[in-house]
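1. quick one, what's the 3D model for this:
(chains A and B)
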Number of protein chains: 2
Amino acid sequence: MNVEIKELDIVLGVRNILISEEDAKILGIQPGFRLLVSKKNFKKIFFASISSKIVKKGEAIASPGTGLKKGDLVDISNAPPLKSINAIKKKIYGEKLTSDEIKDIITDIVNENLSNIELSSYVTAIQTLDLDDDEITGTIESMVSTGESIKFDYEVYDVHSIGGVPGNKYALITVPILAAAGLRVPKTSSRAISSAAGTADVMEVLARVDLSMEEIKRVVDSVGATLVWGGALNLAPADDKIIRIEQPLGLDPQAQVISSVLAKKKATGIDTLLIDIPMGDEAKVKTGFEARKLAERFIRIGERIGINVSCAITYGGQPIGRAVGPALEAQEALRALEGKQTSNSLIVKSLELASILLEESGLSEKGKGKDLARSILASGKAREKLLEIISAQGGKGIEKSDDIELGKFVEEIRANTDGYISYISNKAIIEMARLLGAPFSKKAGIWVSKKIGDKVERNESIFILYSESKDRLENALRLSRKIRLYGIEGMVLESIHGQVYRTIKGERK
Amino acid sequence: MNVEIKELDIVLGVRNILISEEDAKILGIQPGFRLLVSKKNFKKIFFASISSKIVKKGEAIASPGTGLKKGDLVDISNAPPLKSINAIKKKIYGEKLTSDEIKDIITDIVNENLSNIELSSYVTAIQTLDLDDDEITGTIESMVSTGESIKFDYEVYDVHSIGGVPGNKYALITVPILAAAGLRVPKTSSRAISSAAGTADVMEVLARVDLSMEEIKRVVDSVGATLVWGGALNLAPADDKIIRIEQPLGLDPQAQVISSVLAKKKATGIDTLLIDIPMGDEAKVKTGFEARKLAERFIRIGERIGINVSCAITYGGQPIGRAVGPALEAQEALRALEGKQTSNSLIVKSLELASILLEESGLSEKGKGKDLARSILASGKAREKLLEIISAQGGKGIEKSDDIELGKFVEEIRANTDGYISYISNKAIIEMARLLGAPFSKKAGIWVSKKIGDKVERNESIFILYSESKDRLENALRLSRKIRLYGIEGMVLESIHGQVYRTIKGERK
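-> The predicted structure is shown next:
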């Protein structure tokens, strides 16, 4: 059937087309059904919206950005059934998917042919039923092949955290140390999925993170490293669409974590990769057993796709450092690089992760990596390197930690008794920080004044909350009265020194 | 923050509110975030849409039917976190839900506070992880308490199929037999979920099915039975919203089937219920073991909520009767009641189901129910009773099977060889019928000319396809070339006589 595009209306979803009830009847369709819309050199699946109040028979409305223009005469027909729908059902019913079926799903995700309902169902099935090694490998290969890839002429290194612990801004310290030592580190990272700030959200406080492939190559060629947002590239476009679906419920299936990380690293041409696996009661991984299993899975699948993976199991029992939220975290990382008084846990973790890759690359002897990393940090070279990276990525004029602005609505949460901090809830901190506006509002976040083992007196400040919205600050305060954010006991219960518990290495092929 | 409702726009989803980027920034929100919108005597959660092209700061657009009017001054703020979101996450992570948590979820489903992404995730988790008896009982109780209920002053009976086999129009024969025998049967049924026609879709060809509570009471009082659509009532409103999410992928989790059926039967005050469990390779239940387990689960949960449940495990290995699709099925049921030549399997099944309730109610001695049912059918009293029900429900002027119109675009599928039909695919028939337009297009469907065991010659017609859309008919024909609709072998492989394999009875309390 032929219809004319009468209007473009941004309120319609980007893959919706609004047609009249009469035309819907002729096509035999209901709202949400898939329509194939075609004109010369154009063929795309849309979801039907139906209303006779707004369009007449023979007319349609679509969104701008769909490739349709006002006045276009297009042919609309019932879309043929999607193979991916059967594959999703197969997965939900507990069967193993072939690599062709996975390819169908990933391709339809990339082409936005699946509705939110269908995609959410697939992601939930992955969460509840998992994917096996073959399915994950298939997912990675499909994700890489449906996106673009970078190729470097030299060996490149990367370090990546699976997340789950708030305040994990180590990359802004570790990556400059590695680059200052001479390694090439084209680091791409994600924005927060279920957390308060991803590395990309933090770096965006200081510089552009939406670099193109060419810009990344140029930056790595000139200063040795980047700290950019992978989502701005077309690296593994399916992954970003899956992440969008994971966000509302804060889902993060392990199989998807592995697929997501390794697909993006494969697409950026990474040869040697260190994975940070934070472990703790409220981290993604709770026990040493789980952490080792996950590490082995990363290494095994890394081998299958040609990446030399090592994993560091790190302490994730409370926030890393003291800052949670994009601007606060950028500020804390800069303070660490400037040699100012800051959280020891952040520095130790950043150095230990750097040391693993310094040793892995041969730049340092075994056992000497941490000394090398520490000397680079102490010399100020890591700070210089971060400023070079910032400048190469189109810096926002921030040169030092004091330049960073924080949310203008501020409240403190104070200790309800004397004692030692025995517990800080990662989950509550993340939930609070998100309520305050993080990660979308850069200046929102939480400063953790007291950490586990610290002595506090009644009424002493434990957390400082920052927000750009009074409304959100009040919501967060209301929540803080209902949840258990921290615990105080009569004596020091735990004191954390080392930050990396164990390194699990893939064999160099 | 206060904003003025500038326009009502039907293109916006019914729970969306469109605000400006400036206001979104002040609130610290992204598209899809929940906003609490309030004015005098009005407080509802909406999902944010954001665009500065269409509304200015201080303005908003909502949909008609939301309770908002043009010119309204409303207060919008960030909605407090929903407890149901944490409950859904808990389920997804494999934990058991308390009845309070289930109540939170069901209440937010009824109030439409959950997005498609969130609801789809919950439904998929039920599909992949199941609910236990406590969770199902909690779901039923919450579904009933968040809806309305009918109470009859006399004992009422019902029969309900879990579905999964095409052409299952027995209710249009069984219910009139029961009512003609003197039982009160306020039957509510659903529209098709993943099938080609639900009982409500079929009955709608003949009469109104969207009766109110009062109308149902009046019809049962006067003619003894109804055949109406449960979704038109506010019986278990959560269920209909869950069904909407199940439809795109054709999901139908067993726990949800039990909750859905028993919640609606509880809300219609049913005392004694017969559940039809079709069993077959392509039915919902594939083996006798599974069927008995499901039957026991129905009976167990029936006891907990005070319904006397029996289950009949029936043959579901091919379509019931020959007609699939609303108009075709209504026509076949009328033919059976008129005593015209029709499919024996449909008549046998309808009589056997009727006989179980005739015996259960004491209207017939044990072992004599089928004779009683058969005599009522043969006497024409069942036909008269259906015509009474049709008339009491606002009949559409159809008095006999020949009055029913079918789709005007017709094509046949013919045998590719000589032999006996050894296999007919339920799933393929359903998929084809849906492609043809069923259940939304009443006149679309498939006539199964040859059934398992029937002899065919090459080029003889096996299926007749009906559609109201040429486009859809062509799509279905294209599909028929790609899938296995039927099989033909050199000899009779199977010949089905009895339609009820086994009855499993709850103990009368």
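2. distance of the nearest residue to A:Phe152 once chain neighbours are set aside relative to B:Val348?
-> Nearest residue to A:Phe152 in three dimensions, chain neighbours excluded: A:Gly269, at 5.1 Å (CB to CB, 6 or more residues apart in numbering or on different chains). Where you see a C-beta, it was placed from the backbone N, CA and C, and this is true even at glycine. A:Gly269 sits 68 Å away from B:Val348, taking CB to CB, to the nearest Å as the criterion.
3. so which of those two has more stuff around it?
-> B:Val348 (21 against 18; other CB atoms under 10 Å in any protein chain shown).
4. per-residue pLDDT of the residue nearest the centre of chain A, please?
-> For chain A, A:Ser190 is the residue whose C-alpha lies nearest the centre (CA atoms, centre = their mean; 3.2 Å). On pLDDT, A:Ser190 comes in at 85.
5. closest residue of the stretch 351-500 of chain A to chain B?
-> A:Gly437 (3.7 Å; CB to the nearest CB).
6. residue contacts, that residue?
-> A:Gly407, A:Lys443, A:Ala444, A:Ser467, A:Glu468, A:Ser469, A:Arg472, B:Gly28 (CB atoms under 8 Å, 6 or more residues apart in numbering or on different chains).
7. surely the third one meets A:Lys470?
-> No: assessed by CB atoms under 8 Å, A:Ala444 is found out of contact with A:Lys470, at 11.9 Å.
8. those two - which one has more neighbours?
-> A:Ala444 (33 against 12).
9. who's in contact with that one?
-> A:325-326, A:407, A:433, A:436-438, A:466-469, A:472, B:28.
10. how about it: what's its closest non-neighbour residue?
-> Nearest one to A:Ala444, counting by CB to CB, 6+ apart, is A:Gly437 at 3.5 Å.
11. quick one, phi/psi of the one you found?
-> phi 130, psi -10 (degrees, to the nearest 10).
12. please apply the same query to A:Glu59.
-> Torsion angles, degrees, to the nearest 10, at A:Glu59: phi -120, psi 160.
13. list the contacts of it.
-> Residues near A:Glu59 by CB under 8 Å, 6+ apart: A:Val3, A:Glu4, A:Ile5, A:Lys6, A:Ile19, A:Ser20.
14. let me see the ranges of the helices in the stretch 1-150 of chain A.
-> Using DSSP state H, counting those that start in this stretch, the helices of the stretch 1-150 of chain A run over residues A:21-27, A:83-92, A:99-110, A:116-129, A:133-145.
15. oh sorry, the question was meant for the stretch 151-300 of chain A
-> For the stretch 151-300 of chain A, the helices defined by DSSP H, counting those that start in this stretch occupy A:171-181, A:199-203, A:213-223, A:237-246, A:254-267, A:288-305.
16. ok, the stretch 301-450 of chain A next?
-> Under DSSP H, counting those that start in this stretch, the stretch 301-450 of chain A gives helices at A:326-338, A:344-360, A:369-378, A:381-392, A:426-436.
17. most tightly surrounded among the ones you listed?
-> Of all the helices of the stretch 301-450 of chain A, helix A:326-338 carries the top mean neighbour count, a mean of 27, counting by mean count of other CB atoms under 10 Å in any protein chain shown.
18. can I get it in PDB, CA atoms only?
-> Extracted in PDB, the C-alpha atoms of helix A:326-338 (Å, rounded to 0.1, in the frame of the first residue of the first chain):
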ATOM      1  CA  PRO A 326      31.600  12.000  37.800                       C
ATOM      2  CA  ALA A 327      32.900  15.400  38.900                       C
ATOM      3  CA  LEU A 328      33.900  14.200  42.400                       C
ATOM      4  CA  GLU A 329      35.700  11.200  40.900                       C
ATOM      5  CA  ALA A 330      37.600  13.300  38.400                       C
ATOM      6  CA  GLN A 331      38.600  15.600  41.200                       C
ATOM      7  CA  GLU A 332      39.900  12.800  43.400                       C
ATOM      8  CA  ALA A 333      41.900  11.200  40.500                       C
ATOM      9  CA  LEU A 334      43.500  14.600  39.800                       C
ATOM     10  CA  ARG A 335      44.300  15.000  43.500                       C
ATOM     11  CA  ALA A 336      46.000  11.600  43.400                       C
ATOM     12  CA  LEU A 337      48.100  12.500  40.300                       C
ATOM     13  CA  GLU A 338      49.000  15.900  41.900                       C
END
